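In: Okay, predicted coordinates and the sequence, questions at the end:
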Amino acid sequence: MGTVILLTLTGLGLAALYFLVASGLSLVFGLADVLNFAHGLFLGVGAYATWWASGNLPGAGPDGLGFLLAVAFGVAAGVLVAVLVELVLIRPLYSRTIEQVLVTVGLSLAGVALLQATWGADARPFPRPHWTRQVTGILGANVPNAGLLLIVAAAVVLAALLAFLRWTRYGLVIRAGVENREMVTALGIDVRKAFTLVFAIGGAAAALAGALGGVYFGTVSPGQGGSLLIFAFIVVVIGGMGSVVGSAYAAVAVGLLQQFVNYYGPSGLGDVCVVALLAVVLLLRPQGFAGKVATA
Amino acid sequence: MTGSMVEAPPAHVPDELTPGRSRWHGLRPYLPLVALAVAAVVPYSTVALPGIFEGPLNSPGTLQLLAVCLVFGGLAAGYDLLFGRTGMLSFGHALYFAAGVYGTDILVTRAGLPLWQAALLTITGGTVLAALLGAVALRTVGIAFAMVTLAFAQVGAILVARDFGGLTGGEEGLPLDVSGLPAALVGVTNTVNLYWLALAYLAVVVFVVHRVSGSPTGRVLAGLRDDERRIGVLGLDPYRFKLVAFTLAGGLAAAAGVVYCLIVGGASPHVTSSELTLSLLVMVVLGGPGTRWGPVLGGILYMYLDHRLTAFGSSDTVDALPEFLSRPLSQPLFVLGTVFILAVYFFPGGLAGLKTRLTPLTRALRTPRRPSKR
Amino acid sequence: MLATRGLTWRIGEVAIVDDVAFDLAPGEFLGVIGPNGAGKTSLFNLITGLRRPTDGRILLDSEDITALPPHRRARLGLGRTFQASSVFGSLTVRENVRLAVQAHRGGSMKLWRRAAADREVAAAADAALDRVGLHHRGTALAGTLAHGEKRKLEIALLLAGEPRVMLLDEPMAGVSAEDVPELVAVIRSLTGDNGRSVLMVEHHMDVILGLADRIAVMHHGALLACDTPDTVMANATVQEAYLGEQL
Amino acid sequence: GSPQETASGGGDSTAPVKVGLVYSQSGPLASYGKQYIEGFRAGLDYATKGTGKVGDRKIELTEVDDAGDPAKAVSAAKDLIGKGTKILAGSTASGVALQVAPIAAQNKVLFISGPAATDAITGANKYTFRSGRQSYQDVVTAKSFIGDPTGKKVVVFAQDGAFGDANEAAVKAVIGGAGATVSSVRAPASATEFTPFASQIKAAKPDLLFVAWAGTTAPAMWQTLDQQGVLSATTVVTGLDIRASWPTFGAAGSKISFLSHYFDGASDTEAAKAAKAKIPGGTLDLFHPDGFAAAQMVVRAVTEGGDDVDKMIKALEGWSFDGVKGPMTVRADDHALIQPMFQAKLTGSGTDFTATAEKSLTGDEAAPPVTQMKG
Amino acid sequence: MTAPVLSVEDLSVRIAGLHILQGVSFTVAPTGVTVLLGRNGVGKTTTLRAIVGLTPRNGEASGSIRMDGGDLLGRPTHRLVRAGLGYVPEDRDVFAGLTVAENLRLAERRGTTPAYDKVFALFPELDRRGRQRAGSLSGGQQQMLAIGRVLLNDNRLLLVDEPTKGLAPKVVTEVAEVLERVAESVPVLLVEQNLAVVRRLARDAVVLAAGRVAWAGAAAELLAEAELTRSLLGVGSGDHHGTPTPAGVRKDES
Ligand SMILES: Nc1ncnc2c1ncn2[C@@H]1O[C@H](COP(=O)(O)OP(=O)(O)OP(=O)(O)O)[C@@H](O)[C@H]1O
Ligand SMILES: Nc1ncnc2c1ncn2[C@@H]1O[C@H](COP(=O)(O)OP(=O)(O)OP(=O)(O)O)[C@@H](O)[C@H]1O
Ligand SMILES: [Mg+2]
Ligand SMILES: [Mg+2]
């Protein structure tokens, strides 16, 4: 019993991490139709900026409010980078989707290499509040607090994204803009602004995932974002491209599946199962869980 | 809406289906042969191209590098059969290449088969694998297809990494046992033969892709890229044609694997990574999808940069720069990534599009432009 | 030649096509009219296999083709045009038509022949382009054609396939007034030779009255009437629901 | 020119000796590569007494980055060999070492593998040597932590793949062979959440847990083992990685028994002092000794063998020398490098940790079994 | 005559190296419908798109397009539209993935109250099908949506490209009536192939041929002279019933 609870809660923590990474990806992919391979870079930027801030930014530190400040700085850095990327690299290429993807591929290579050039290839210990290293006893299971933190953060991000899509017109504008950008402008809407905004939000979500990923892993390294990206992609696709809620379901499915198979099955089967889940879902239901494209 | 990601291969009329109308019309068909002949005699040249290659053209190091480039030129051209010419975005093409590499290696090293048998078996096996997996994956379209192919490739990567029965060597890879190989393929002095092998492979792929694109089937593939539903209404089964393209491309990739295995002298899990497929995509787009020479050039250039940038990064020129420049520049991936980004901007439509891009320029130079009011 | 029996297509509770039964005789020209959203295009989609009916049967030469995929039906001689032009945008106009000719004549699964060398295909394609008056646009990319030109290309693609039963979905929409007569002549010639049948949706009443042997009227997915043009035009419901007060 | 021509290594007695170093300057193992090359330079300086020459012949180094990619390493090796290089060294990654070794044999040049830990390099062929330790030596060191293994329960926790396989096999042979029951928990190298594995380990109640884990997820793994109480319930042994990684152990660090290839202060040999004085920063780390030993071996090979590779091999086989770690011997049978190993403890907190040697094993104590030379 | 609301002068458009419009000049009167006529491919759509600033990226427009004294050329489309330029595109261009209601919502302009009543009164279908995906609408229904979303807002000039294409005769009449009513307050520049509609609505006419203006003047004048109509539009104008019906089209003259 204790094991099941432990596996479930830690699996949910893992799912939360996947969702945090996937949410921004899903938003940008579902709305702006850009398969953003540079998402991993945004993650790295968020993580490194948080790491840097807690050591160098006055007031920021590894604990309490200082930690919040450091994370806020990391998120701001993620937003900044994402906005710059959109303005400078993505915008001039609109309607050339494949080229946009390539630019993000190039960016992920160059950006990660740049992080490595600046801070070295080795993992660095990540400053984090002391309590995140501890466990909470829940029904006899020692559940790591970092996982619980991730679960809470994921829930907040999910709610915030849903609110954004539901209560603002931007979701609509961008979905329409992906279909036919020209026509959106012909309705008197500055579609470019909306796209920049989506990138900014995607960047913020990624940076937050990067910072919390740092808490979770205890370290930050240049390649960290990239290695999470593959599962995030799987989550986005299983969830139905671009559906934020779908991504949440898919993240839970993937996290729990991996966790339980890894415990009860032979080693390595967890990954295979996830990949198999992806293939099966797509073959039976090519549009993914949510089935409806780019909705809340 | 998400379909647009897949429709994206920029519209290029297959060269083969448009009549050439240039002044060189009469000569053009022979240019590839001339290029092939030139490439074939390169190893007899001792010309040194400082900065471009480490040694003279006939040095083993240069030939090895060229051989790797040529194989990838061919691999990219084969991949373009899917992507540029049929509009299918596969994220799992690395699998068939890896099947070629590991197939050859395992059959030679572990099973002790003679090379020609191993090669034949591997190419057949790779083709059959592509046909089987393609038959399943092609039940989906668009992004879903891309992801299913990615999933298959990922399973391949996991299997290789798991090292079942010690067959693949896991993350350490499997060096090729050369004792049973023809002597002409072993040893540094024989690098030239590997070069010729790679050149032959590239020539075959280019010929096959060219032939197929210009064939009635190629016409259907070009149509599929634009409008699959319409192909069905015209009385052709889209599924069959896509499967043919997928299988053919898979077979060509497996063959590339055989050659690559010989050139590198072994297999390592790098070849199973999804990054490799992504690189293929980059090569094709860098060169110009759906064009005859674009993907080849893209593949060659990509591999060249990939190999040479490591040397560039550690060169004295870079070291002499101020630190804020030299540190990123000594990261090969930084330079590679930057080169892509710049390439996407400055050669839209790929290297092959360069010619058309320059046309307005040449025209402008010839006829003075009428001043416009704006 | 072509017939449907109780053909029905529902989405949820709504019947988009509702219990449609008609017969198309060899050589016959059947016009289909009806208000926007009556289900005309949907009927075409069912007949050509792009959609699966929820009920009913489709017969071609008294054979049941209800379960066949689109390409099998096309091979049996069923051809159509699309209301929203769907041409191969990145191919030239000429290649578009050649592809259609080749699809019809067979030999598409030939990986090792030179497509361009097939003069018969080329000649047939050029003939089709000539008939719709697009010859001069042969080398343009189909995607860059003006709207009306795409409509003509649609028809050329249909002609190239030499189908026995042709389904035309608003072929005249967007064709400039000047070119209408030519196209009408082309379409008229279709039924003339070797007993081909035509099913045509069109909102230009003059065109359809000038061409059709019989006219079927669709309304809310159902077949309201199927009779000679004069009878149909005299029908009060048609007058009221479809024609309205003429300009 | 002819397509099959390669430069011949000029035999005259003052021509420089070309040595090719193919290692990771970029890519994931760049830090290992950096230590290696620093060690090599220091070692060359030490072995040539600051002249950089053997007799009248200058040792001319050509460094090539392989970025951890075997294909690039092979290209580089062929290029170097084509230019007349008779001695190759480097190989930060096992995959690279395994692919370069056959190239060396095919072309009859000397190859001295670097930090690559794979056992398969030992005895790979007669042209291949190693200047670092191998996985087996790690495991033998681990064994020294449990005293008498008879009847004890040992669990190996390792990554899937060849590295994990090798470690598991070594533990079975070394500790299992000595009477312990050995079982294993394996996890995919890509795993990010370790609770299931920690639970499995806990359920097995081992007397000794041997962890073989490399990569950036290691800190998360340790934290999970700590949080789930594995570290306090049993003796946990693992290899001590480079200094930069120490802080990432966090609180877990002090609960682990480390086997160590090398850390600063583990030895106080002449060579260590020389190395310390020479390398930038003055603090030795995990792979400095490998580079140092490689340079010593190169100088030995050139001194005794000149340009004759067969003579070089003869000169190295059975050769004993004083390296950074202490006395080392190139075992003639399979070219294993017999060398001391260490037990270490980690103390400190935050970013400030120190390792202290608990015990050291002599070369013979840590020696791997002799393998059959394959080629 | 009052000053024109829009005056196009010497408009040239090149796309992909083709000189599609070669110096087009005409004006749109401040009231009523000005109709742009011409065969397929002469550049009618290209003209409208140039006015709203939608010349494709591989194209280039030069000349001048003046509205209220300002030059429109080179200004971003969304600004022009917000300033009161309504555009109904030729291919409807409804957002297939969005519902009908979402399509309409998107068309609302900030600062004005959208006239849903007006639109739904005209096209009750749009009200009824609010939750349907626009992509699954019938061709005619899509056309209604495309027109409807422009009528939601107050405009200073409407550019309408073949609005009656694909509509049932009854709806054609209705749309013509709407445009007629709209044109009382807002000038309309209309591209139309249906001569009956042209006859009913047009006050001025501009005929394009091969990228140039072939004729411009009062519509009545154009349509009154059979000879002129035939030479410019290639059709007779005698018939008064819907689309042109040149001799020989009908099977049985009834
Ligand atoms: N997926 C769907 N969901 C709901 N309604 C649908 C769907 N697909 C089609 N419809 C409805 O079915 C009806 C029939 O559409 P169809 O395209 O067949 O009409 P049509 O007769 O061709 O009209 P038009 O003359 O305007 O082209 C329309 O009212 C359309 O809105
Ligand atoms: N993107 C493009 N690239 C190349 N040529 C183009 C492009 N867009 C339009 N053209 C060409 O410009 C010419 C004019 O097109 P336009 O759409 O303006 O004609 P139109 O008068 O509206 O015709 P229709 O009555 O058929 O709608 C056509 O010959 C067309 O092929
Ligand atoms: Mg219709
Ligand atoms: Mg037009």
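Out: Cool, the structure landed. Ligands and ions are numbered 1, 2, ... in the order given.
In: Please look at residue E:52 and residue E:77 and confirm they touch.
Out: Yes. Assessed by CB atoms under 8 Å, residue E:52 is found in contact with residue E:77 at 5.6 Å. All C-beta spots, glycine's among them, are computed from the backbone N, C-alpha and C.
In: any residues in contact with both of these two?
Out: When contacts are counted by CB atoms under 8 Å, 6 or more residues apart in numbering or on different chains, residue E:52 and residue E:77 are jointly contacted by residue A:186.
In: Which residue, neighbours along the chain excluded, lies closest to the spatially most central residue of chain E?
Out: For chain E, the residue nearest the mean C-alpha position is residue E:160 (2.0 Å; CA atoms, centre = their mean). Of all residues not flanking residue E:160 in the chain, residue E:88 sits nearest, at 4.5 Å (CB to CB, 6 or more residues apart in numbering or on different chains).
In: Give me the neighbour count for that neighbour.
Out: Look at residue E:88: counted by other CB atoms under 10 Å in any protein chain shown, it has 24 neighbours.
In: and it, what is it in contact with?
Out: Neighbours of residue E:88 in contact, by CB under 8 Å, 6+ apart: E:146, E:147, E:150, E:158, E:159, E:160, E:161, E:163.
In: Now the last one. Its backbone dihedrals?
Out: Okay, so that is residue E:163. When read as degrees, to the nearest 10, the backbone of residue E:163 gives phi -70, psi -20.
In: Tell me how many other residues surround it.
Out: As a measure of burial, residue E:163 has 27 neighbours, counting by other CB under 10 Å.
In: same question, the third one
Out: Using other CB under 10 Å, residue E:150 is surrounded by 23 other residues.
In: just the fourth one next, same as before
Out: Residues lying near residue E:158 (other CB under 10 Å) number 23.
In: so how far is the longest helix anywhere in chain E off the chain centroid?
Out: Longest helix of chain E, by residue count under DSSP state H: helix E:169-185. For helix E:169-185, the separation from the chain centroid amounts to 12 Å (computed by CA atoms, centre = their mean, to the nearest Å).
In: And stretch D:196-211, by the same measure?
Out: 27 Å.
In: which parts of the stretch 51-200 of chain D sit against chain A?
Out: D:160, D:185-188, D:190-193, D:195-197, D:199-200 (CB under 8 Å from any CB of the partner chain).
In: near chain D, which residues of the stretch 1-150 of chain B?
Out: Checking the stretch 1-150 of chain B against chain D by CB under 8 Å from any CB, the hits are B:43-46, B:54-56, B:58-65, B:68.
In: hmm, try it at 7 Å
Out: Counting by CB under 7 Å from any CB of the partner chain, the stretch 1-150 of chain B comes close to chain D at B:43-46, B:54-56, B:58-61, B:64-65, B:68.
In: Would you mind checking these for buried ones?
Out: Buried members of these, scored by 16 or more other CB atoms under 10 Å in any protein chain shown, are B:43, B:54, B:55, B:56, B:58, B:59, B:60, B:61, B:64, B:65, B:68.
In: returning to what we had before: what pLDDT does the residue nearest to residue E:160 get?
Out: In this model, residue E:88 is scored at 92, pLDDT.
In: And for residue C:54, the neighbour number?
Out: Quick note: residue C:54 (other CB under 10 Å) scores 14 neighbours.
In: Quick check, it in contact with residue C:10.
Out: Yes. Counting by CB atoms under 7 Å, residue C:54 touches residue C:10, with 4.7 Å between them.
In: Need the CA coordinates for the helix or strand containing residue A:162. CSV is fine.
Out: For residue A:162, the host element (DSSP states H and E) is helix A:145-167. Only the C-alpha atoms of helix A:145-167 are listed here, as CSV (Å, rounded to 0.1, in the frame of the first residue of the first chain):
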residue,chain,number,x,y,z
ASN,A,145,8.6,17.9,-1.1
ALA,A,146,10.1,18.9,-4.4
GLY,A,147,7.5,16.6,-6.1
LEU,A,148,4.7,18.2,-4.2
LEU,A,149,5.9,21.6,-5.1
LEU,A,150,5.9,20.6,-8.8
ILE,A,151,2.3,19.3,-8.5
VAL,A,152,1.1,22.6,-7.0
ALA,A,153,3.0,24.6,-9.6
ALA,A,154,1.6,22.6,-12.4
ALA,A,155,-1.9,23.1,-11.2
VAL,A,156,-1.4,26.8,-11.0
VAL,A,157,0.1,27.0,-14.4
LEU,A,158,-2.7,24.9,-15.8
ALA,A,159,-5.3,27.2,-14.3
ALA,A,160,-3.5,30.3,-15.5
LEU,A,161,-3.3,29.0,-19.0
LEU,A,162,-6.9,28.0,-19.1
ALA,A,163,-7.9,31.4,-17.8
PHE,A,164,-5.8,33.1,-20.5
LEU,A,165,-7.4,31.0,-23.2
ARG,A,166,-10.9,31.4,-21.9
TRP,A,167,-11.0,35.0,-20.8
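In: residues in contact with that helix?
Out: The contact list for helix A:145-167 (CB atoms under 7 Å, 6 or more residues apart in numbering or on different chains) reads A:9-10, A:12-13, A:16-17, A:19-20, A:23, A:27, A:131-132, A:134-136, A:170-171, A:201, A:205, A:208, A:212, A:215-216, A:244, A:248, A:296.
In: I'd like the distance from the helix or strand that it is followed by to the chain centre, please.
Out: Downstream of helix A:145-167, the first helix or strand assigned by DSSP H and E is helix A:170-179. Centroid separation for helix A:170-179 versus its chain: 21 Å, with CA atoms, centre = their mean.
In: Buried residues of helix A:170-179, list them for me.
Out: For helix A:170-179, by 16+ other CB under 10 Å, it's A:170, A:171, A:172, A:173, A:174, A:175, A:176, A:177, A:178, A:179.
In: Pull up the per-residue confidence for whichever residue of chain B sits closest to chain A.
Out: The minimum distance from chain B to chain A, using CB to the nearest CB, falls at residue B:337 (2.8 Å). pLDDT recorded at residue B:337 is 86.
In: what do you get for residue B:355?
Out: 64.
In: what does residue E:245 give?
Out: 34.
In: residue boundaries of the strands in chain E?
Out: E:6-15, E:18-28, E:33-37, E:59-67, E:70-71, E:85-88, E:157-161, E:188-191, E:202-209, E:212-218 (DSSP state E).
In: what's the fourth one in contact with?
Out: The contact list for strand E:59-67, computed with CB under 7 Å, 6+ apart, reads B:372-374, E:5-15, E:50-51, E:55, E:71-73, E:157.
In: of those residues, buried ones?
Out: Buried members of those, scored by 16+ other CB under 10 Å, are E:5-6, E:8, E:11-15, E:50-51, E:55, E:72-73, E:157.
In: Could I get those residues in a markdown table, plus columns for pLDDT and distance to residue D:147?
Out: Output for the buried ones among the contacts of strand E:59-67, formatted as a markdown table (pLDDT from 0 to 100; distance: CB to CB, whole Å):
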| residue | pLDDT | distance to residue D:147 |
| --- | --- | --- |
| E:5 | 88 | 99 |
| E:6 | 91 | 97 |
| E:8 | 92 | 97 |
| E:11 | 93 | 95 |
| E:12 | 92 | 94 |
| E:13 | 92 | 90 |
| E:14 | 91 | 88 |
| E:15 | 88 | 85 |
| E:50 | 93 | 89 |
| E:51 | 93 | 91 |
| E:55 | 87 | 84 |
| E:72 | 88 | 90 |
| E:73 | 88 | 89 |
| E:157 | 92 | 94 |
